[in-house]
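# heads up, no residue letters with this:
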């Protein structure tokens, strides 16, 4: 496997915590010596990571842009979960899955992974031909969650939703025109929450594959939320119900 790049304090710190042996080297801004950088350097040294002082052009070249916070790591890829079945077979308790249909913005995906991690989702699923893949921008926005939440891209999303149903996982889609609200349904059991991109929403076949449709009740003038915000609302409602 070829090496990959992670950048930003959160993404690199999570890798140092979860798999320090996979960190080849960390390039840090030689001119930045504030408290946050000193704390990060100490943590990297304690993890046994190789540190390399670099200048701004070198860091930008490695990260593919200037938004690296002065921290860029070269790492070996972690062995991914190869299938949704593999992930679900290891789940203890009721599975919670986030399904994203037609989300192509890396910033939205990164934010969705971050809320999925925070809410305890076991996996994020997306179609291969209507979604963005994992890249350095996604990893940066995800603040380490791209390393902790399995992101599985499937060939046929409708078929995958059918396979979830065969596992007795309820497939609940979100739609502005649904009769029921998010707070009217039981999310404490095995659930897959399906969200589409802001604007077009879910594709028609995906919508038809859902067991039930719900809407987030909106009290203001705007008609919809950004998909990552909507994902956070839905996932944390499921989390709240599971804590009861």
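All right, it came through fine. On a predicted model such as this, the values are computed, not experimentally measured, just so you know.

# Secondary structure class of residue 219, three-state.
With DSSP: H, G, I helix; E, B strand; the rest coil as the basis, residue 219 sits in coil.

# Enumerate every residue touching the residue lying farthest from the centre of the chain.
In terms of distance from the mean C-alpha position of the chain, residue 31 ranks first, at 31.8 Å (Cα atoms, centre = their mean). Counting by Cβ atoms under 8 Å, 6 or more residues apart in numbering, residue 31 makes contact with 55-56. C-beta: built from backbone N, CA, C; applies to glycine.

# change it to 10 Å
Residues near residue 31 by Cβ atoms under 10 Å, 6 or more residues apart in numbering: 37, 53-56, 70.

# cool, residue 148 as well?
14-15, 17-18, 113-114, 116-117, 142.

# Could you do residue 61 as well?
27, 54, 72.

# Quickly find the element holding it.
Using DSSP states H and E, residue 61 falls within helix 56-63.

# Give the buried residues for that helix.
59-60, 62-63 (16 or more other Cβ atoms under 10 Å).

# ditto for stretch 20-40
In stretch 20-40, counting by 16+ other Cβ under 10 Å, buried: 22-23, 26-29, 37, 40.

# What of stretch 105-115?
For stretch 105-115, by 16+ other Cβ under 10 Å, it's 105-106, 108-115.

# mind listing which of those are in strands?
In strands, judged by DSSP state E, none of the buried residues of stretch 105-115 are found.

# List the contacts of the closest residue in space to residue 173 that isn't next to it in sequence.
Leaving out its chain neighbours, the residue that sits closest to residue 173 by Cβ to Cβ, 6 or more residues apart in numbering is residue 210, at 3.6 Å. Residues near residue 210 by Cβ under 10 Å, 6+ apart: 99, 161, 165, 170-175, 178, 192-194, 202.

# Quick check: mean pLDDT of the helix holding residue 61?
On average, the pLDDT along helix 56-63 is 93.

# tell me what the following helix or strand past it is packed against?
Next helix or strand after helix 56-63 toward the C-terminus (DSSP H and E): strand 71-75. Under the contact definition 3 or more Cβ pairs under 10 Å, 6 or more residues apart in numbering; DSSP states H and E, strand 71-75 sits against strand 4-7, helix 9-18, strand 23-29, helix 35-46, strand 51-54, helix 56-63.
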